[in-house]
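[1] just a sequence and a predicted model for now, questions to come.
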Amino acid sequence: MEKKKVVIALGGNALGKDVEEQKEAVAKTAKVIVDLAQQGLDIIVTHGNGPQVGMIQNAMDNLVVTHENYKQVPLPTSVAMSQGYIGIDLQNAIKYELYSRNIEGKVSTILSQVEVDKNDPAFENPIGRFLTKEEAEENEANGVRCMEDAGRGYRVVVASPMPQRIRELETIKTLVNAGHIVITCGCGGIPVISENGKLV
C-alpha cells in the first residue's frame, strides 16, 4: 500500500527575520515534521521567503552600490539563495530531530525551478522599493526589469505569475519514493521561462 503524502507549507514570516530566529523556528518545526513522519507519512516541505529574499536582495543591491566591480544580482538568483539558506536550516533541524529520536531518516533539499508564461499579465504589476530613473536604467541594463509607477518613481517588477510546471518534479518524486523528507519549491520556486530548452 502506497504511503500517504503530505505537503507542509511554512510561511516565510514564520521563519523569523534573521539567522538566529530562523534556527529557533526550524527547531520547533522539525519536531512536528518528524512527528508526522513517525506516523508513516511521506513528507514534502515547502516554504515562503519574503523576509529572507528581501534581506538577501538588499545585501546584493548594497554590494553593487559600495563595490563598483560587482554587477546587479537578479531577483531569481536571490530566490535561489533563499531556497538554499532556508532549506539547509530546515534540513539540519529535521536531521537532528531524527537523530535525537534515534530514527534513521533521509532529508534532502532540492533547489527547484518553476516554469511560468512570459506573457502572464502578472508581470505588469510593479512592487518593491522606489528607484530613481538612473537606478532603474542601471537595473534595466543589467537585465532587471523596471517600470515607472503612476508618476511616483520607478520600481522593480516582481511578479507572481501562475506556475505551469515544476522542472525538478521527477527528482522530487524519486526522493520521496526513496523515503526522503524533501524540502523543495521554496518561495514558489525559482521562476524560469523555457526558451528553446534553455531556462532563463
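    All right, it came through fine. This structure is a prediction, so every number in the text was calculated from the model and none was measured.
[2] tell me the secondary structure for residue 107?
    Using DSSP: H, G, I helix; E, B strand; the rest coil, the structure places residue 107 in strand.
[3] direction included, what does the host helix or strand of residue 6 pair up with?
    Using DSSP states H and E, residue 6 sits within strand 5-10. Sheet pairing of strand 5-10 (DSSP bridges) gives strand 42-47 (parallel).
[4] the strand holding residue 6: which residues count as buried?
    Residues of strand 5-10 classed as buried by neighbour count (16 or more other Cβ atoms under 10 Å): 8, 10. For the C-beta atoms, the positions are set from N, CA and C on the backbone; glycine is no exception.
[5] give the buried residues for the following helix or strand past it.
    Using DSSP H and E, the helix or strand that follows strand 5-10 in sequence is helix 19-38. Neighbour counts using 16+ other Cβ under 10 Å place 22, 25, 26, 27, 29, 30, 33, 34, 37 of helix 19-38 among the buried residues.
[6] pick out whichever of these sits closest to residue 101.
    Set against residue 101, the nearest of the buried residues of helix 19-38 by Cβ to Cβ is residue 34 (6.5 Å).
[7] now that closest one: how far from residue 98?
    Residue 34 sits 6 Å away from residue 98, taking Cβ to Cβ, to the nearest Å as the criterion.
[8] now the common contact residues for these two.
    Common contact partners of residue 34 and residue 98 (Cβ atoms under 8 Å, 6 or more residues apart in numbering): residue 105.
[9] returning to that earlier point: can I get the buried residues of helix 19-38 in CSV including pLDDT and distance to residue 49?
    As requested, the buried residues of helix 19-38 are exported to CSV (pLDDT from 0 to 100; distance: Cβ to Cβ, whole Å):
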residue, pLDDT, distance to residue 49
22, 92, 11
25, 94, 13
26, 95, 13
27, 96, 19
29, 95, 15
30, 97, 18
33, 97, 18
34, 97, 23
37, 95, 23
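[10] out of these, the closest to residue 104 would be?
    Of those, the one sitting nearest to residue 104 (Cβ to Cβ) turns out to be residue 37, at 11.3 Å.
[11] could you pull out the strands for this structure?
    Secondary structure of the chain by DSSP state E: the strands cover 5-10, 42-47, 106-110, 113-115, 126-131, 146-148, 154-157, 165-166, 180-184, 190-192, 194-195, 198-199.
[12] out of these, which one sits most buried?
    Ranked by mean neighbour count under mean count of other Cβ atoms under 10 Å, the strands of the chain are led by strand 180-184, which reaches a mean of 25.
[13] now do that one and strand 5-10, the angle between them.
    Angle, strand 180-184 to strand 5-10, by axes from the mean of the first three to the mean of the last three Cα atoms, to 10 degrees: 40 degrees.
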